[in-house]
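In: Prediction below, plus the sequence it came from.
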Amino acid sequence: MHVIYQADNLFDAHLVKHALEDAGIPAFVFGESLLGGMGELPLFGVLRVCVPDLARPEAEAIVTGLDLGGPQDAPIFDGDESAGLLPA
């Protein structure tokens with residue numbers, strides 16, 4: 001098994017898992033049962049999406065195509081009066 005994606009949250013882990021399964025690649029989410037162990041405290045680096053070693057090249061291409069964890073929008077500053085408003 002090869003770790004193809006390390007997720008920050010359960011939603012991203014299952015998004016990747018389902019995208020891989022739709023392409024016919026068996027995928028497994030490891031660490032899901034550990035999330036409740038720390039209560040309300042965040043655990044990072046626990047969720048891993050794994051695929052069989054032979055499916056690694058195709059799985060990497062699929063995960064790259066999902067565009068997860070891309071650059072975030074510019075931060076909102078206190079002096080920005082238009083923060084949260086849609087463009088006209």
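Out: That came through fine.
In: What segments of the chain are strands?
Out: Taking DSSP state E as the criterion, the chain carries its strands at 2-7, 28-30, 47-51.
In: and of those strands, who's closest to residue 66?
Out: strand 2-7 (8.7 Å; Cβ to Cβ). Using the backbone N, CA and C atoms, a C-beta is placed for each residue, glycine as well.
In: Could you check the angle the closest one makes with strand 47-51?
Out: 150 degrees (axes from the mean of the first three to the mean of the last three Cα atoms, to 10 degrees).
In: helices or strands next to strand 2-7 in the packing?
Out: Helices and strands touching strand 2-7, by 3 or more Cβ pairs under 8 Å, 6 or more residues apart in numbering; DSSP states H and E, are helix 10-22, strand 47-51, helix 56-66.
In: Could you dump these into JSON lines with distance to residue 29 and mean pLDDT added?
Out: Output for the helices and strands packed on strand 2-7, formatted as JSON lines (distance: least, Cβ to Cβ, whole Å; pLDDT from 0 to 100):
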{"stretch": "helix 10-22", "distance to residue 29": "5", "mean pLDDT": "94"}
{"stretch": "strand 47-51", "distance to residue 29": "6", "mean pLDDT": "93"}
{"stretch": "helix 56-66", "distance to residue 29": "13", "mean pLDDT": "93"}
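In: Out of these, which one sits most buried?
Out: strand 47-51 (a mean of 22; mean count of other Cβ atoms under 10 Å).
In: Residues contacting it from elsewhere in the structure, which ones?
Out: Outside strand 47-51, the residues within contact range by Cβ atoms under 8 Å, 6 or more residues apart in numbering are 1-10, 12-13, 16-17, 20, 25-32, 35, 59.
In: on that earlier part again, nearest to residue 63, out of the strands of the chain?
Out: Per Cβ to Cβ, nearest to residue 63 of the strands of the chain: strand 2-7, 5.2 Å.
In: Now that closest one: buried residues?
Out: Within strand 2-7, the residues that count as buried by 16 or more other Cβ atoms under 10 Å are 4-7.
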